[in-house]
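Novice: Structure of the sequence below:
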Amino acid sequence: MRKKDFLLPPEQIYMCGHSLGPMSKSAKLQIEQVMQAWSTEAVKAWNTDAWIDLPYQVAARIAPFIGSDAKDVVIGDSTSVNLFKVLMGALKINRKRNVILTSDDNFPADSYIAQGIQAFNRDITLKTVSRESLLENLNEQVAVLMLTHVNYRDASTYDLHHITAMAHQQGILTLWDLSHSVGALPLDLQGSNADFAVGCTYKYLNGGPGSPAFIYSHKRHHDELITPIYGWMGHETPFAFDPIFQARSVAQFISGTPYVLSLKALEGALKSIDGLDITTLRTQSLQYSMILIQALQALGLHVITPLNDTRGGHVAFIHEEGHGLARALIDYGVIVDYRNPGLIRMCVNPLYLDLADIHQCIDHLRYILDAKLYQAPQYQQALKVT
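Specialist: Reported below is the predicted structural model:
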């Protein structure tokens, strides 16, 4: 779709956008421009280049991808920090209840945040249940339902609209992690009536390593929402230097000084997908991923990604020597990643992949499997980052 707009590694098929999206030409240009502004304008650039407004400007570009108004989104900090802030805020709103409910297939880092909150507040209980028993555990004790929309391992998805409605019937607030969703499939937070959401921007939005995450809050909560981190930039008038923290709306979650370099890179990345029809992208992604899934099955591999159209943007399969196989694929120019035990993930993003890439990936995989190259000694030692 927009392959020419990306700086893809030569002679490589990049199928790891579920972990880190590739650099776009516009992101690189923005980085170069902000470095120039820093060197020539220095502190003046907060005004001359409007650095101070970046959290709002970039959030406004993200809003269409999650189906929200621009005023309901801010950006800054990491997904984990944002999850902490929003989870604490939600617990404060629903303070007559004390349970955080999540599923046992949630991304572990999200559960860590809830565990930390529980460790500092004995009144709060984290309850983890199976995916299958989730709905039957929605009750009057649950304050917040915390879920990841697209599973990081198998790419299965939750019905965000239905589950949000079921939670609301029991007076439960919903908090969704959209890290593997935003930029990969259509989202409608406002239409689904979701309460809160967080998500990273370095996967399908291609914002670059460590690019800041976003926070969404439905506008009905803006007046009662309280952030647990009273940060300078979250104050409604930060340069008044008021000794008392005053804030309102989702803007209070900005907290500290904006990450200008990362925000400018992300702004450039978002410019590269201006006007993108996510529905068209999604349709093509499903077509490409089904071709890949059928080829994987023909090779005798155990695909764990759903075969219906509810899957997310990557395909996952199991191989008993998955680590070695992933390393061999990377050496042959097919960039994938590995997760224990034996799981290989392949991102299928038509933004920068075409059918020729998919077929070449399959050819390389077939050759590596037939020759058992994954058993080579150099592939047996685990890397620090897999």
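Novice: quick one: low-confidence parts of the protein?
Specialist: In the predicted model, the chain carries no residue with pLDDT under 70.
Novice: what about the helices in it?
Specialist: 25-41, 45-48, 54-66, 79-93, 108-120, 160-169, 189-192, 260-271, 278-298, 322-331, 355-371 (DSSP state H).
Novice: between these, which gets nearest to residue 217?
Specialist: Checking those against residue 217 by CB to CB gives helix 79-93 as the closest, at 7.3 Å. In short, each C-beta sits where N, CA and C put it, glycine included.
Novice: circling back to that earlier point, would you reformat the helices of the chain as CSV and include mean neighbour count and distance to residue 202?
Specialist: Putting the helices of the chain into CSV (neighbours: other CB atoms under 10 Å; distance: least, CB to CB, whole Å) gives the following:
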stretch, mean neighbour count, distance to residue 202
helix 25-41, 16, 11
helix 45-48, 14, 24
helix 54-66, 21, 13
helix 79-93, 22, 10
helix 108-120, 15, 14
helix 160-169, 17, 22
helix 189-192, 18, 20
helix 260-271, 23, 8
helix 278-298, 17, 18
helix 322-331, 22, 19
helix 355-371, 16, 21
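Novice: Take those helices and lay them out in TSV including distance to residue 312.
Specialist: Formatted as TSV, those follow (distance: least, CB to CB, whole Å):
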stretch	distance to residue 312
helix 25-41	23
helix 45-48	38
helix 54-66	14
helix 79-93	16
helix 108-120	16
helix 160-169	12
helix 189-192	17
helix 260-271	20
helix 278-298	9
helix 322-331	19
helix 355-371	17
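Novice: Can you give me every residue that contacts residue 335?
Specialist: Each residue near residue 335 by CB atoms under 8 Å, 6 or more residues apart in numbering is listed here: 9, 12, 13, 14, 15, 16, 329.
Novice: Can you add distance to residue 203 and give these back as a markdown table?
Specialist: Listed next are the contacts of residue 335 as a markdown table, based on distance: CB to CB, whole Å:
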| residue | distance to residue 203 |
| --- | --- |
| 9 | 17 |
| 12 | 18 |
| 13 | 17 |
| 14 | 13 |
| 15 | 13 |
| 16 | 9 |
| 329 | 19 |
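Novice: Narrow those to those that are buried.
Specialist: 13, 14, 15, 16, 329 (16 or more other CB atoms under 10 Å).
Novice: Got the domain ranges for this protein?
Specialist: Domain assignment for the chain, taken from the TED database, gives 3-23+276-375, 25-273.
Novice: And the first one, end to end?
Specialist: The one in question is domain 3-23+276-375. This stretch, domain 3-23+276-375, spans 34 Å end to end (CA to CA, to the nearest Å).
Novice: What of the longest one?
Specialist: With CA to CA applied, domain 25-273 spans 11 Å between its terminal residues.
Novice: now it: how far from the chain's centre is it?
Specialist: Mean-position distance between domain 25-273 and its chain equals 10 Å (CA atoms, centre = their mean, to the nearest Å).
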